[in-house]
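K.L.:
Here is my input, please return the structure:
(one chain, ligands or ions: 2)
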Amino acid sequence: MLGSRKHNHIIETPDTGKWQLAGYEASLPLTEKSNPITKEIDKADPLQIVHLLKLCDAEIFQEEGETVINYQRLYSESVLQTLIDVAKKMEDILKDPEHSLVVLSGCGTSGRLAYLLVTSFNRLLKGLQKKHNYDYIIAGGDKALLTSQEAPEDNPYLGAEELEKVCAGKKQVLFIGISCGLSAPFIAGQLDFCMNNLNVFTPVLVGFNPTNMARNEIIEGWHLTFYQVAERMQELQKNYRAFILNPAVGPEAITGSSRMKAGSATKIMLEILFLAAHRAAFSNKEITANGILDCLQAYERVHKVTYSQSKKISVLVNQVGESLQKGGHVYYIGWQTLGVMGIIDASECPPTFGADVGDVRGFINNGYKEMDNKEGNIASLGPEFCIAHDDFVRNILPHVNDNDTVLFLFTLDDDLSEIDKLATQISANTSNLHAVAHSTAGHYVPENVKKSFASIISITWPIVFSEYEGCFVQKLQRELCTKWILNIISTGGHILKGKIYYNYMMDLKVSNTKLFRRALAILQRVTGQSRLRCQEALLQAIYDTDELTDPIRTSEVTKHTQMASTKNQVVPTAVVILARNCSLTEARSRLDAHPTMREAIEACLRATGRKRTADQIAAGIHGEND
Ligand SMILES: C[C@](O)(c1cnc(-c2ccc(S(=O)(=O)c3ccc(N)nc3)s2)c(Cl)c1)C(F)(F)F
Ligand SMILES: O=P(O)(O)OC[C@@H](O)[C@@H](O)[C@H](O)[C@@H](O)CO
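P.N.:
Numbers count the residues shown, from 1 in each chain. Ligands and ions are numbered 1, 2, ... in the order given. All right, here's what the predicted structure looks like:
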């Protein structure tokens, strides 16, 4: 049994006051840590929120050696070398499209980014009259592009099955599995499948933890942990049979929310990889470290360009916060891949902030024709799958009012008359109509178009010399800029709505095993009580009973998550049970007695027997009292 104990390593959270002493903070996976920069972000005003997020996003580009423990970073020599090795492998694949394929795969945001990169680079190939050579897999299928499908992430067999289907008949496959936290069983199953078929597959793991921090919890119904899969990948990397691209980018601004920095770093790293391989395969440009460094520096400039608009972005944060607080909605009306960025950001709000599916929604010109997703038009799956501008005009616009915020996302290359017409229509229903408009130096948003918008964030990009690919690179940069702006306003808006406690999303839906672990860890951090006690309270809230039976206690975690998916406010309820040592019903009535969950929790934590002051609570939460 020793072996299983070695590999059934649930991250133990030390009991009260021993956070630092036990080296606990150091052992935490970087992607799951709380970022000290944002420990009070829930008290910040809109402009401060933007500034804190700017500092967090800047950590993506931080060079190695600037932190106490040396983790490799995006600019590290080791990462650059691996990027070169993988790009060379991809160049070979691109030269033999008949028998080979590049497959990108991920869960949640990682799967959405896989879809975006694959469709964008397939379009680039089409423009070069080349056969398309990329394919994507997203856990839960194309409906996961638009809605949160958390359960498939826990299924390693499903991942392997999907991969086998996509690669039927191929002789050479470069498989890129994206799991930012090095934790998704769906991806572990795919990597394991590749390593059992190395004659065809070259597996690449993309994530943002050191491999020794890969998730080491036994995957239910399977024989390996993600950690063991990563160890085997590391072994194979020695003779270039597998690769791991895992620079540290620092903890997320909202604890564990890998859609933000990790998502941005995924897009940056994979686009650099694909561009280098394309240039080598089709323009005979050698793959070099300098070429890759130039690309990285171009993306770092996008960070500067984006945050030079902080003041105007903070106005949008405030506006979105107001809409959400009033029970209004936020609608992103986007063109081409900027529409995709809106759809991706909107789809992340329910799992990240407990938003309703209708609170924040994205729409794209020409709907699924523009999306070009594998499963085509899936509007029949329900109203939340109707994503075309026409669907917005028909189904949503009649109900739009001043409580709502509408944000256009376009470039000056889009159809300005279409934009003007739609903007005029919408401004009849709400004055809260804003825009993010990307233009090239020397071109400006025409006055007649401007008039419909309450505010416009105009981003001007340098003129690109006609070369076809240069325009393509600028499109990728405009997407990243738009992703950052949308992440800022959806995160900032929900902070102003009171959904965030310090930098934790307390009221998270415990809908897969990673979220169960996060919920348990947050309970221990916030209440200072033991892991076992916290687990009891969490299960009481999940199973809606004060009397836990052994069959409940010994059920698999996936059983707990299935049950939890049907419940609300499970974690806040458990906090009150723990803080007041009270029954489920009493905990629920205490929560209801306060206007926001945050106030209820603060009241209960303050009132605990030990009479902790707010500062003592904060110190405990940030692991400062040892
Ligand atoms: C920072 C914090 O202590 C914390 C947050 N999340 C976590 C975890 C979230 C998810 C996990 S996990 O699914 O076990 C996991 C996820 C990824 C990975 N590489 N290893 C483990 S641990 C932990 Cl252990 C601590 C706090 F305060 F939020 F609770
Ligand atoms: O890429 P990972 O670490 O495997 O995570 C995959 C998904 O859990 C993750 O993308 C989640 O959907 C997002 O809401 C995270 O902000």
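
K.L.:
how much space between residue 429 and residue 323?
P.N.:
Separation of residue 429 from residue 323 (Cβ to Cβ, to the nearest Å): 14 Å. For glycine as for every other residue, the C-beta is placed from the backbone atoms N, C-alpha and C.

K.L.:
Backbone dihedrals for residue 72, please?
P.N.:
Here is the backbone geometry of residue 72 (degrees, to the nearest 10): phi -60, psi 150.

K.L.:
So residue 429 and residue 323 - more neighbours on which side?
P.N.:
Neighbours were counted for residue 429 and for residue 323 using other Cβ atoms under 10 Å; residue 323 has more, 25 against 17.

K.L.:
isn't that one right next to residue 329, touching?
P.N.:
Yes: Residue 323 lies in contact with residue 329 (Cβ atoms under 8 Å); the separation is 6.7 Å.

K.L.:
Mind listing the shared neighbours of these two?
P.N.:
Taking Cβ atoms under 8 Å, 6 or more residues apart in numbering as the criterion, residue 323 and residue 329 both touch 403-405.

K.L.:
Do any residues in the one helix or strand residue 344 maps to lie close to ligand 1?
P.N.:
Per DSSP states H and E: residue 344 is located in helix 336-353. No: using Cβ under 6 Å from any ligand atom, helix 336-353 stays clear of ligand 1, with a minimum separation of 13.9 Å.

K.L.:
What is that helix packed up against?
P.N.:
Packing partners of helix 336-353 (3 or more Cβ pairs under 8 Å, 6 or more residues apart in numbering; DSSP states H and E): helix 109-127, helix 143-146, strand 330-334, strand 360-364, helix 367-371, strand 405-411, helix 468-496.

K.L.:
As CSV, those with distance to residue 61, mean neighbour count and mean pLDDT would be great.
P.N.:
Shown next, in CSV, are the helices and strands packed on helix 336-353 (distance: least, Cβ to Cβ, whole Å; neighbours: other Cβ atoms under 10 Å; pLDDT from 0 to 100):
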stretch, distance to residue 61, mean neighbour count, mean pLDDT
helix 109-127, 18, 22, 97
helix 143-146, 28, 22, 98
strand 330-334, 26, 27, 99
strand 360-364, 27, 26, 98
helix 367-371, 31, 18, 98
strand 405-411, 24, 26, 98
helix 468-496, 12, 23, 95
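
K.L.:
So which of the ones you listed is nearest residue 392?
P.N.:
Nearest to residue 392, of all the helices and strands packed on helix 336-353, is strand 360-364, at 4.5 Å by Cβ to Cβ.

K.L.:
Just the C-alphas of the closest one, formatted as PDB.
P.N.:
Provided in PDB are the C-alpha atoms of strand 360-364 (Å, rounded to 0.1, in the frame of the first residue of the first chain):
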ATOM      1  CA  VAL A 360     -22.700  37.900 -19.500                       C
ATOM      2  CA  ARG A 361     -23.100  36.800 -23.100                       C
ATOM      3  CA  GLY A 362     -21.000  36.900 -26.300                       C
ATOM      4  CA  PHE A 363     -22.300  37.300 -29.800                       C
ATOM      5  CA  ILE A 364     -20.400  37.000 -33.100                       C
END
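
K.L.:
So it, near ligand 2 or not?
P.N.:
No: applying Cβ under 6 Å from any ligand atom, one finds strand 360-364 out of contact with ligand 2, separated by at least 13.4 Å.

K.L.:
residue ranges of the strands in the chain, please?
P.N.:
Assigned by DSSP state E, the chain shows strands spanning 100-106, 134-138, 172-178, 201-206, 243-245, 330-334, 360-364, 405-411, 433-440, 455-461.

K.L.:
Adding distance to ligand 1, write those out as JSON lines.
P.N.:
Below are the strands of the chain laid out as JSON lines (distance: least, Cβ to the nearest ligand atom, whole Å):
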{"stretch": "strand 100-106", "distance to ligand 1": "14"}
{"stretch": "strand 134-138", "distance to ligand 1": "19"}
{"stretch": "strand 172-178", "distance to ligand 1": "14"}
{"stretch": "strand 201-206", "distance to ligand 1": "12"}
{"stretch": "strand 243-245", "distance to ligand 1": "13"}
{"stretch": "strand 330-334", "distance to ligand 1": "27"}
{"stretch": "strand 360-364", "distance to ligand 1": "24"}
{"stretch": "strand 405-411", "distance to ligand 1": "30"}
{"stretch": "strand 433-440", "distance to ligand 1": "32"}
{"stretch": "strand 455-461", "distance to ligand 1": "33"}
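
K.L.:
check contacts around the residue in the chain positioned nearest to ligand 2.
P.N.:
For the chain and ligand 2, the shortest gap (Cβ to the nearest ligand atom) falls at residue 108, measuring 2.1 Å. By Cβ under 8 Å, 6+ apart, the contact list for residue 108 reads 139, 144, 148-150, 153, 259, 348, 351.

K.L.:
Please determine how far it is located from ligand 1.
P.N.:
Between residue 108 and ligand 1 the computed distance is 13 Å (Cβ to the nearest ligand atom, to the nearest Å).
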